[in-house]
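A.B. asks: Quick one: sequence and predicted model below, then my questions.
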Amino acid sequence: MKASLLEARRHPFSFLVKMLVYLAAVVTIGVLLYMIGFIVVKGAPHITPDLFAWEYTSENSSLMPALINTVIMTVLCLLIAVPLGIGAAIYLVEYAKRGSKLVKVIRMTAETLSGIPSIIYGLFGYLCFSTAMHWGYSLLSGILTLVIMILPLIIRTTEEALIAVPDMYREASFGLGAGKLRTIFRIILPAAVPGILSGVILSIGRIVGETAALIYTAGTVAQVPESLMKSGRTLALHMYSLSREGLHMDEAYATALVLLILVVCINGVSDLIAKKLEKTG
């Protein structure tokens with residue numbers, strides 16, 4: 001205590017900044033806890049078996065079709081976007097000439113795309129996939145739109161993870177006679193897995209929580225589609241539709257709670273995988 005008071009007298013500005021940092025942390029944690037508590041209090045009493053019925057009706061407002069659509073869309077988006085994003089990042093870091101104009105243009109483009117509002121992606125997906133390609137409102141249109149949305153995020157996070165790998169790893173591998181491709185897949189990528197998974201986790205959060213882009217592409221049909229060319233809504237879109245109607249606000253809060261639990265579970269599983277891979281590596 002005395003040491004803190006002495007430090008405050010010697011460096012008052014440093015002490016003020018320290019207090020502001022603590023205040024910011026407390027406010028952030030407080031807002032987060034308030035949001036979680038609000039959703040739990042509002043949604044938990046309305047989670048009933050009818051909410052998980054296989055078929056959606058106006059009476060039960062079941063979220064099960066939307067939950068299935070969310071899982072399908074998340075898995076397919078990641079299957080397309082993750083290999084493309086990691087491949088692009090590998091090219092930028094390992095193969096492209098450092099400091100080249102092409103690399104600068106690609107990085108600037110990725111950063112610009114990351115800041116574009118999702119409604120713009122939705123309009124693009126509607127004009128390109130739904131209209132020009134005549135796919136209409138379909139899961140495939142929504143999936144490809146979301147792939148375009150999350151690609152810049154995966155590219156940038158993977159790129160930063162690869163850059164963070166020390167050059168001595170590459171030099172040691174080359175010194176032992178390993179080739180470029182073997183070094184990348186056996187040495188560099190395993191070391192960068194935690195950073196790559198962080199980008200994937202952020203991408204999952206954007207996929208699961210997206211609404212604006214999917215209204216114009218995937219549609220709002222509250223059923224599990226028979227194929228990828230049919231329309232279907234996700235959990236976030238289901239919650240938005242219920243709250244917009246104003247007739248099923250209790251079910252909307254319950255859906256928000258389920259969505260929160262789903263995101264927490266996905267992040268928890270991803271974190272466990274990252275720690276296991278890091279420990280194995």
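C.D. replies: Happy to help now that I have it.
A.B. asks: Beyond the helix or strand containing Val82, next helix or strand please.
C.D. replies: Here Val82 sits within helix 64-90, counting by DSSP states H and E. Once the chain leaves helix 64-90, the next helix or strand it forms, by DSSP H and E, is helix 101-114.
A.B. asks: how much does that next one deviate in direction from helix 64-90?
C.D. replies: Direction vectors for helix 101-114 and helix 64-90, defined by axes from the mean of the first three to the mean of the last three CA atoms, to 10 degrees, enclose an angle of 160 degrees.
A.B. asks: Give me the contacts around helix 101-114.
C.D. replies: If you take CB atoms under 8 Å, 6 or more residues apart in numbering as the criterion, helix 101-114 is touched by Ala88, Leu92, Ala96, Lys97, Ile148, Leu151, Pro152, Leu153, Ile155, Arg156, Glu159. C-beta: built from backbone N, CA, C; applies to glycine.
A.B. asks: So which of these is the closest to Ile204?
C.D. replies: Of all these, the one sitting nearest Ile204 is Leu153; the distance, using CB to CB, is 10.5 Å.
A.B. asks: Count the residues that sit near Gly43.
C.D. replies: The local packing of Gly43 (other CB atoms under 10 Å) involves 21 other residues.
A.B. asks: who's in contact with it?
C.D. replies: With the criterion set at CB under 8 Å, 6+ apart, Gly43 makes contact with Tyr253, Ala254, Thr255, Ala256, Leu257, Val258.
A.B. asks: By neighbour count, which of those residues wins?
C.D. replies: Taking other CB under 10 Å to define a neighbour, the member of the contacts of Gly43 with the most is Thr255, carrying 28 neighbours.
A.B. asks: Touching, it and Ser241? I think so.
C.D. replies: No: using CB atoms under 8 Å, Thr255 makes no contact with Ser241, being 9.7 Å away.
A.B. asks: Apply the buried test to the contacts of helix 101-114 and list what passes.
C.D. replies: Buried by 16 or more other CB atoms under 10 Å: Ala88, Leu92, Ile148, Leu151, Pro152, Leu153, Ile155, Arg156, Glu159, out of these.
A.B. asks: show me the contacts for the first one.
C.D. replies: With contacts defined as CB under 8 Å, 6+ apart, the neighbours of Ala88 are Ile106, Leu151, Ile155.
A.B. asks: ok, those residues vs Val165, which is closest?
C.D. replies: Taking CB to CB as the measure, Val165 lies nearest Ile155 of the contacts of Ala88, at 16.3 Å.
A.B. asks: Is the closest one in contact with Gly85, as I believe?
C.D. replies: Yes: in this structure, Ile155 sits in contact with Gly85. The criterion is CB under 8 Å, and the distance is 4.8 Å.
A.B. asks: give the contact list for the most centrally placed residue in the chain.
C.D. replies: Closest residue to the average C-alpha location of the chain: Ser203 at 2.2 Å, with CA atoms, centre = their mean. For Ser203, the contacting residues are Cys77, Leu78, Ala81, Val82, Ile150, Leu153, Ile154, taking CB under 8 Å, 6+ apart as the criterion.
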